[in-house]
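1. sequence unknown, structure follows:
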């Protein structure tokens, strides 16, 4: 696997006399753009409509101002915080020769005052300060987000949409059960195929039928539930078809390899591949940090305590891995990782915390397995189809 930097610092040398630096504070209605232009004493600050060509013309005008002052501009760098607009602007600017970066919002240190002033102008000043530190190659100022291609972003959509639909399905089912519980009816399963037929047969403890308005509400909930279930099935079927059409191409080969591990299903394999394993992360520590499976120690003076998982990474990966860790311990009892877990927790408390360590170790093992195909010790695979 190609070893890459973790984007915590810039590797290119910064020449401030030949570089135009720009920061954008983006909102839905406007973009506040601040610049650092060589040869220009003032620091320009311009509010624009959210329009990319207008921004490009502004950067060109700043380049002309620097040229008129006797400077030769060889580099234009721009950054903005990751947010609602995503990465489209960075890709658009890079295609036009602008070096664009996306700042990880939580990596920027802010004042801890109880009531601190916060405006777009102050935010651009703060972002310009940390961005310049990053450009100088100094660590600790801020971190950048890896900018994915449009194809990489699109590949994540089926798994994320399915997760959203599963949550909607759970919400509808829980709502129906709570409605029936208020009437004293228990044991009804809305997910059954014949649930709509059984709805007419339900009786309250008083012996009456379900009130008409409640019955109509339940029917509408069942109609929504049928739509959601159909959409989930369509997503799963389309994913299987894509895997069958190109089983050995790029991420599909990774999914097939992970899905052969007993205890790992296609859905979990697809989520892990699209969310984390296709990324060129630097080392095992970067892999654990991306999933938020690192510790958060709290040490000051004589105080020593651990606050638990940092939870600063990809929450979707972290939830899936903790669930996978329990399944892995159940289905891979002879693996070295399961044996380590049993030896660590035999007759001891804190099994939940140790399971989180298993999740981290398992993610790192899968990250190492995918490029080389070398199986972790003791893992059992399903036979090839």
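-> Nice, thanks for sending it over. Computed from a predicted model, the values in this text were never measured in an experiment.

2. could you pull out the helices for this structure?
-> Using DSSP state H, the helices of the chain run over residues 52-68, 88-94, 120-135, 150-182, 195-199, 212-245, 251-259, 266-272, 284-290, 315-331, 336-345, 351-372.

3. tell me what the second one is packed against?
-> Using 3 or more C-beta pairs under 8 Å, 6 or more residues apart in numbering; DSSP states H and E as the contact criterion, the elements in contact with helix 88-94 are helix 52-68, strand 75-81, strand 99-103. No exception for glycine: its C-beta is placed from N, CA and C like everyone else's.

4. residue contacts, residue 96?
-> Going by C-beta atoms under 8 Å, 6 or more residues apart in numbering, residue 96 touches residue 56.

5. how about a cut-off of 6 Å?
-> For residue 96, the contact set (C-beta atoms under 6 Å, 6 or more residues apart in numbering) is empty.

6. tell me the mean pLDDT for stretch 282-289?
-> The pLDDT scores in stretch 282-289 average 88.

7. Show the low-confidence segments of the protein, by residue range.
-> 1-6, 348-352, 385 (pLDDT under 70).

8. Quickly note the distance from the residue nearest the centre of the chain to residue 142.
-> Of all residues in the chain, the one closest to the mean position by C-alpha atoms, centre = their mean is residue 314, 4.1 Å from it. Distance, residue 314 to residue 142, by C-beta to C-beta, to the nearest Å: 19 Å.

9. Kindly tell me how buried residue 208 is, as a neighbour count.
-> The number of residues packed around residue 208, counting by other C-beta atoms under 10 Å, is 9.

10. Can you report how many residues neighbour residue 62?
-> Around residue 62 there are 23 residues (other C-beta under 10 Å).

11. quick one, what contacts it?
-> So residue 62 contacts 20, 35, 37 (C-beta under 6 Å, 6+ apart).

12. The nearest residue to residue 214 once chain neighbours are set aside and residue 206: what is the separation?
-> Distances taken as C-beta to C-beta, 6 or more residues apart in numbering put residue 179 closest to residue 214, at 6.3 Å, once the chain neighbours are dropped. Counting by C-beta to C-beta, the gap from residue 179 to residue 206 is 16 Å.

13. who's more crowded, those two?
-> More crowded of residue 179 and residue 206, by other C-beta under 10 Å: residue 179, with 16 against 7.

14. Quick check: the more buried one vs residue 218, distance?
-> In terms of C-beta to C-beta, residue 179 sits 7 Å off from residue 218.

15. So which of the helices and strands packed on helix 88-94 is nearest residue 165?
-> strand 99-103 (28.4 Å; C-beta to C-beta).

16. contact partners of that closest one?
-> In this structure, residues lying in contact with strand 99-103 by C-beta under 6 Å, 6+ apart are 77, 78, 79, 81, 82, 90, 93, 94, 142, 144, 145.

17. now swap in stretch 140-150 and tell me
-> Residues external to stretch 140-150 that are found in contact with it (C-beta under 6 Å, 6+ apart): 7-8, 82, 87, 90, 101-104, 107-108, 130, 133-134.
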